[in-house]
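[1] need a structure here:
(chains A, B and C)
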Amino acid sequence: MTPEELAKHLNETGLFERDEVAHGELSMWASRDGWVAGAEHLKECGRCRFDFFTFISAVDLEDEGFEVVCHLYSVRRQHHINYKTLLPRTEPRLRTLKGLWLGADWGERETHELFGIDFDGHGDLRKLLLPDEFEGFPLRKDFLLMSREIKEWPGLKEPEEVK
Amino acid sequence: MPSERSAGVLPGGPGEGVQVVIAGEGELATQEMTLSIGPQHPSTHGVLRVVLGLDGERIASAIPVIGYMHRAFDKLAEARDYRQIIALSNRHDWLSAFGNELGITLAVERLMELEVPERAQWIRMLVAEWNRVLNHLMFLGSFGLELGAMTPMFYAFREREDIQHLLEAATGGRMHFTYNRVGGLKEDLPRGFLKESSDLVRKIRHRLLDYEGLLLGNEIFKKRTVSIGVLPGEIAKSYGVTGPILQASGVAEDSRKTEPYLHYDQVEFEVPTGAHGDSFDRFLVLYRRIEESLKIIEQVHDKLPAGPIIPAKMPKNIKPPEGWTYVRTENSLGETGYYLVSRGGKEPWRLKMRTPSFHNVSMIPYLLEGVLLPDLIAVLGSVFFVVGDVDR
Amino acid sequence: MIFYELFDNFWAVLGLKLGVLFIFFLTAPLLIGYTEHKVLAHMQARLGPMEAGKFHGWAQLVADGVKFIQKEDLIPRAADKWVFSLAPAVVIVPVVVVFLVIPFGPALVNSDVAASCGAGGCGWWGENLDVGIFFVLAVTSVSVIGMLMAGWASANKFSLIGAIRGAAQLIAYELPLVLAAAAVAMQAGTLSLVGIAEGQQSMWYVVPQFAGFAIFITASLAELSRPPFDMPIADSEIIFGHMTEYSGIRFGLFLLSEYAGIVSLSAVATVLYLGGWHGFIIPGIPGPLWTLAKIGALGFFVIWLRATYPRLREDQLQKLSWKYLIPIALLNILLTGIFKVVF
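    From the prediction side, this is the model:
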C-alpha cells in the first residue's frame, strides 16, 4: 500500500493519534498508553503485516520530550512505517515491544542506555554498548560532548574563515 | 537448575581458573564451565565477546557481549556537518565502506530533494558493487580459515588486493573511500578505469571456480556446515536480520529489488536464496551474490553515460530543510539505514545509523542453543558481521 | 680391515649410531618444516620465507630455533610447575626413540664378521629389534600422556579442551594404526622392521594392503594431530590447544615433536608399505636415498593435505575411526590371514 492508503487505513482503526507523510514515507504517532496496542495491530493486521523489525531508537526533542521511533517493514506487503510516540521529559517510560518482535530486545537496551528511557516488561535492561560503569545518558541533548566544551572544534569553520 | 550463575554476572579478572557451576543433581551432576570466547580470539572478526556456558562440548547458553568498539557515531554526528559525517560513516562496515557513505548521502539528498546527475548515480552503483564483492570475498576466505582450510583465505586476499588497487585509482583510498559527496561524487573516474575494471571482472570470475572446488564441493566442509545453525525465515525477520543471512533462510528480500535506489531497476540481476537456512546455505548465497554483483558491474560498464558528476548549482553550505527521513540501502552485510532528523542546521539534529551487523549479532543466542563447540565456530563464521558495524 | 675393526668395537658403533641419529633428528624435522613453509606458501599464491639465510630463506627454521632458545622462561602462575615443564619432554622423547629402530637401508656387514653387530648384522639402522613394529606402536602412544599433562597443567580452559580432545582422538586412532600394522606383520611373517623391509624385495606391501595403507596414513595423521584431524590444536577455536600457554624452548620442542612425528611416521609407513629401501625403475641408487625420498614424498602428501582440507569435527572424527576405519582394518586382517593360509 502507498503511504497515503496506509495512513487512511490506520487512522480508521482509531489506535493512532496523528500521521504525517513526507518524502514518500509515513510516520504514525500513537499515544504512550496505546503503544503496544498499535504495535499489535501493525503486526497482526492482514493489510499491514509488519513482520520485519528494522530499528527502535529515540530523538531528543528538548522541551517536547523524547520521541521514540520504531521503524517497521513488511516483507510481504513491501511497505514501511515509522511508528512513533512522544514521551514527556520528566517521565520517560514505555512498554516493551519484546513480545512482538525479537529484535526489540537489543534495540530497547540500546535506547535505554543512551537516552534513559525505561521499557516496562523488558526485564533485562543491561548496558549494551557502553561500559558498565558509565553514568549518564549520552544521547540526551543536555549531555555535552566533553571535548567540545573544552575547545571549539577546528572543523567548525570553513577553511576561508580561518585566519 | 544452573543456580549461582545469574545472567548479568560475567567472569573476568586475571589469574582466574576454571569457574564451575553445579548443574544437575544426584550422582551424575555435571559441572558447567563458563568459557569466554573473545574479545581477543582468532575466530571472532574483531572484538566480539561471547560468554558460553559449556556442558562438556555442548553449549548451554551463549551471551554476546558487544560494545568494545563503540565510538559514539550518533553523538559525534550531531557535532559534524555532512561532509565530515561522510568521512566518519565509512569507518563502520570497513569491508565495504562505500555503502555506508552512500546511505548518508542518499538521506541528505532526499531531504534536500537534490537531483543527482546520471553519471554520478551509475558510478556510485559501480563502486558499491565492487565493494560488495570485496566484502563477500573476505567472508568467503575467513569462513574457510575458521574451519581449518587455510588456502581460500590467501586466494580471497589476492582478489581483494586487485580490487582495492582498482578502487584506489578512482578514489584514492584502499579501504575508506570518502568518494561520495552530497549531490554526487568527489571526482570523475580516471582514464582507463573501465577497461581495468572489465579485465578484473573476467579475472575474478575465472578465479571464483577455485573457491567452488576448495570449499563448496569439499566433503569435509559440507559436513561441518550443512544443517548447522538453521535459522527459520520468520525468526530472522523478527530479529531484523537482512542481507545474505535472510536470503539464505529463504526470504528473497533485497532493497535493490523491492525499492530500487540509484538505477538498480535498470540492471538485471537475481537475488539468490537458500533452501534450508543453515550455514552452508549462507555461504552459498554469499558465493552467488558475488557472481550477481559481477554481472551488475558489467552492465554498468555498458550503460555508463557521460556527464557531470555533481549538480551545477550546489549550495555551498549543505543545510537540509527541517524534517525526517529513513533511507535504507542494501549494503553487503544487509540493510544499512540512516534515520536523519534535521532542523535546518549544518549538522543533523539526530542521525541514527541502523546497521545490519547489530541485528545479525543479536541473533547469536538463538542460533547457538544446544550446539557443539566446534559448531560455534561454523555458526559464528556464517553470521556475517563486522564489529565496527555492530558497535558503531 | 679397519672398517670391520670399527664395527667390532661396541662403543664405536654405539657412538656412531647415536651421532648419526642425533644429527638426523635435528635436521630432518627442520627440513620437513621448511618444506612445509615453502609448499604451503606456493600453494597459497605467496612465497614463504625468503630472508633468513639469503637464499630462499633456508635458515628460517634454524633462526626460529635460536629465537626459541633465547626466550624468557614463562610459566603461568596457576600452572602446575613440574608437570608443565616435563610435558614437552614426554611428547618428544618417544618420537626420537622411534628413530632408533627404523631401517633406512640394507645390512652392511654380516653378524658373523663383526660380533658386536647383533643378529641381523650391522646396517643402516640403530637397533634391529625382533619386536620392531610392536615397539614403535607402543612407544608412539606415550605422547598422549604428554598432551594431557600439558593441557591440564596449563590452568587454561582452552588447553584443557584441547587436551581432552587430543586424548580422545589419539586413543581412538591407536586401534586402526595397530590393526593395519598387524596385517603387514602377518603378511611379512615377522615383527622386525628389518625383516618386513627385506620381505618387500619382490613386491611392496602397498599393493596387497592398499586398504591398510590408507588406514595407516589416516590414523597416523590423526595421531600427529595434523589437518584434517587437528581438532586438538584447532587454532581458530581453542587458540592452540594444549600448547597455548607454552613459549620459548618448550614450545619449540612441541613443534619439533610435530615435525619429527611426521618424519617418524612417514618412515614407519615407508618401511611397512612402500618397500623400505628397495628402489624401482631407476637402478643403482643406494637404499638410504630411496628411503629418504619416500619419506619426503609422504611428508609432501601430509603437507598437501594441510593446505587443502578444513578440519573434521571431533565427533565426526571419532565416527570415522570407530565406525569405518576399524571394521575395514579388521576385514583387512581377515583377508590377509585367509590369503596367507590358502596361498
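
[2] only C-alpha atoms for contact and neighbour calcs from this point on.
    OK.

[3] Mind listing residues that contact the helix or strand bottoming out on mean pLDDT in chain A?
    Of all helical and strand segments in chain A, the minimum by mean pLDDT, DSSP states H and E falls on helix A:146-150, at a mean of 72. Outside helix A:146-150, no residue is within contact range by CA atoms under 8 Å, 6 or more residues apart in numbering or on different chains.

[4] Skipping adjacent residues, who's closest to the most centrally placed residue in chain A in space?
    Centroid check for chain A by CA atoms, centre = their mean gives residue A:69 as the closest residue, at 2.0 Å. Nearest residue to residue A:69, sequence neighbours excluded (CA to CA, 6 or more residues apart in numbering or on different chains): residue A:84, at 4.5 Å.

[5] The one you found against residue A:66, yeah?
    No: between residue A:84 and residue A:66 there is no contact under CA atoms under 8 Å: 10.1 Å.

[6] residues in chain A within reach of chain B, list them.
    Counting by CA under 8 Å from any CA of the partner chain, the positions of chain A adjacent to chain B are A:22-23, A:25, A:51-55, A:57, A:59-60, A:75, A:78, A:101-104, A:106, A:126, A:128-131, A:138-139, A:145, A:156.

[7] Show me how far the least confident helix or strand of chain A is from its chain's centre.
    Distance of helix A:146-150 from its chain centroid, counting by CA atoms, centre = their mean, to the nearest Å, is 27 Å.

[8] can you dump the C-alpha coordinates of it into PDB?
    Only the C-alpha atoms of helix A:146-150 are listed here, as PDB (Å, rounded to 0.1, in the frame of the first residue of the first chain):
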ATOM      1  CA  MET A 146      33.300  17.000  26.700                       C
ATOM      2  CA  SER A 147      35.800  17.800  24.100                       C
ATOM      3  CA  ARG A 148      33.500  20.400  22.600                       C
ATOM      4  CA  GLU A 149      33.300  22.200  25.900                       C
ATOM      5  CA  ILE A 150      37.000  22.500  26.300                       C
END
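
[9] Quick one: end-to-end length of stretch A:8-17, please.
    Stretch A:8-17 has an end-to-end distance of 12 Å (CA to CA, to the nearest Å).

[10] Likewise for stretch B:299-314?
    Terminal residues of stretch B:299-314 are spaced 29 Å apart (CA to CA).

[11] repeat for stretch B:344-361
    35 Å.

[12] Could I get the average pLDDT for that stretch?
    Average pLDDT, stretch B:344-361: 89.

[13] mind checking the longest helix of chain C?
    Assignment by DSSP state H gives helix C:10-43 as the longest helix of chain C.

[14] Helix or strand next in line after that one, which one?
    helix C:60-69 (DSSP states H and E).

[15] Packing partners of that next one?
    The contact analysis (3 or more CA pairs under 8 Å, 6 or more residues apart in numbering or on different chains; DSSP states H and E) places helix C:60-69 against helix C:10-43, helix C:249-272.

[16] of all these, which lies closest to residue B:338?
    Ranking the helices and strands packed on helix C:60-69 by proximity to residue B:338 (CA to CA) places helix C:10-43 first, at 43.5 Å.

[17] tell me how far that closest one is from the chain's mean position?
    12 Å.

[18] Now do it: which elements does it pack against?
    For helix C:10-43, the packing partners by 3+ CA pairs under 8 Å, 6+ apart come out as helix C:2-8, helix C:60-69, helix C:81-99, helix C:249-272, helix C:287-308.

[19] I'd like to know which of those is closest to residue C:209.
    Per CA to CA, nearest to residue C:209 of the helices and strands packed on helix C:10-43: helix C:249-272, 10.0 Å.

[20] Just the buried subset of the residues of chain A next to chain B, please.
    A:25, A:51-55, A:57, A:59-60, A:75, A:78, A:101-104, A:106, A:128-130, A:138-139 (16 or more other CA atoms under 10 Å in any protein chain shown).

[21] State the next helix or strand along the chain beyond the helix or strand hosting residue B:142.
    Following DSSP H and E, the helix or strand that holds residue B:142 is helix B:118-147. Sequence-wise, the next helix or strand downstream of helix B:118-147 (DSSP H and E) is helix B:151-171.

[22] Tell me which residues touch whatever residue of the stretch 1-150 of chain C ends up closest to chain B, please.
    Residue nearest to chain B within the stretch 1-150 of chain C: residue C:44 (5.4 Å; CA to the nearest CA). Residue C:44 makes contact with B:151-152, B:154-155, C:307 under the criterion CA under 8 Å, 6+ apart.

[23] want to throw these into TSV with pLDDT?
    Shown next, in TSV, are the contacts of residue C:44 (pLDDT from 0 to 100):
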residue	pLDDT
B:151	84
B:152	85
B:154	88
B:155	88
C:307	86
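
[24] what's the farthest-apart pair in those residues?
    Across the contacts of residue C:44, the longest distance by CA to CA is 12.0 Å; it joins B:155 and C:307.
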